Every structure is written in C-alpha cells, then in structure tokens.
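Trainee: sequence and predicted structure are below.
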Amino acid sequence: MKANATSGMAVHDACKLKFLELKAKRNYRFIVFKIENRTHQVVVEKLGQPDDTYEDFQKSFPANECRYAVYDFDFTTDENCQKSKIFFVAWQCRSPESSKVRSKMIYASSKDRFKRELDGIQVELQATEASEMSHDVVKSRAL
C-alpha cells in the first residue's frame, strides 16, 4: 500500500492484485473500486464474475457516489476479429450535484495516480451519468 503524495490517498495491494488477475487470467469481467474515507485508501468494492454482462457492470455504480472501475470489454471489429480492451471508468467525479463536493475532489485528485498503478489500461472513460458509459459509447471508444 502506497500513499499518494498529492492527495494522501493510498492504494490497497488487493486493487493491483485483482487487476492483474482480470488482465492476465480473466478471472473477473470488472472491478469496482472505492475510496474508504476512514482509511484514505482505494479498495476493491465489487468483483464482476467472468459471465457478468455489461448491464451488471453498469448496475454496480451507486447513484450518488463516485467510484473507479475497470472493465474487460470483449467486442468484434468490423473485420470480424474478436478483441478485448480494458477500460478505466471514473464515475461521477465531475458532477452531479448529488455527489458530495469533498468526495468528488478526492476522486478527481487521486484518479491519475490510481490509474498509473493499474498497468494495462487501454481506454479511459469519464462518466457523470449512465448514458456517458452506455454499451454503444464503450464499443465506439474500443474500435
């Protein structure tokens, strides 16, 4: 666990370990991370099983709180090739008004450092509402 010099945020070792399992072994479809206010560290909140759908992933985000997540997105290219890309999602770190300002600031200031801990991210997506991370948006960013 290392602390982030700018925000004082630490990253729990399980975050990197589970991400490596998603990337190398494909043990998980997605991982949702949250910042524990009490310990000021990023922790794993939810692990999506390999057969979970994109809809399951979308349902994993709380309506009024920020989160980080990674998603292993399988898709078929226009040339009919099966591919996979790992997305990093920063959820509600810019708005809406329902999220707490302090929480948004902590998530926004810690995002880049946390993302660097996860070696292998291919696409980043910032979403403040569900439509910004719809399946169609993700697929268009993957291609």
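Mentor: On my side now, so go ahead.
Trainee: list the contacts of the residue sitting furthest away from the middle of the chain.
Mentor: Using Cα atoms, centre = their mean, the residue of the chain lying farthest from its centre is Glu79. It sits 28.2 Å away. By Cβ atoms under 8 Å, 6 or more residues apart in numbering, the contact list for Glu79 is empty. All C-beta spots, glycine's among them, are computed from the backbone N, C-alpha and C.
Trainee: check which helix or strand covers it.
Mentor: Here Glu79, judged by DSSP states H and E, is contained in no helix and no strand.
Trainee: what segments of the protein are helices?
Mentor: Secondary structure of the chain, counting by DSSP state H: helices at 13-20, 54-59, 101-117, 135-142.
Trainee: worst average pLDDT in the ones you listed?
Mentor: Of all the helices of the chain, the minimum mean pLDDT falls on helix 101-117 (a mean of 88).
Trainee: what's that helix packed up against?
Mentor: Where contact means 3 or more Cβ pairs under 8 Å, 6 or more residues apart in numbering; DSSP states H and E, helix 101-117 is packed against strand 10-11, helix 13-20, strand 30-36, strand 67-76, strand 82-91.
Trainee: appreciated, that's everything.
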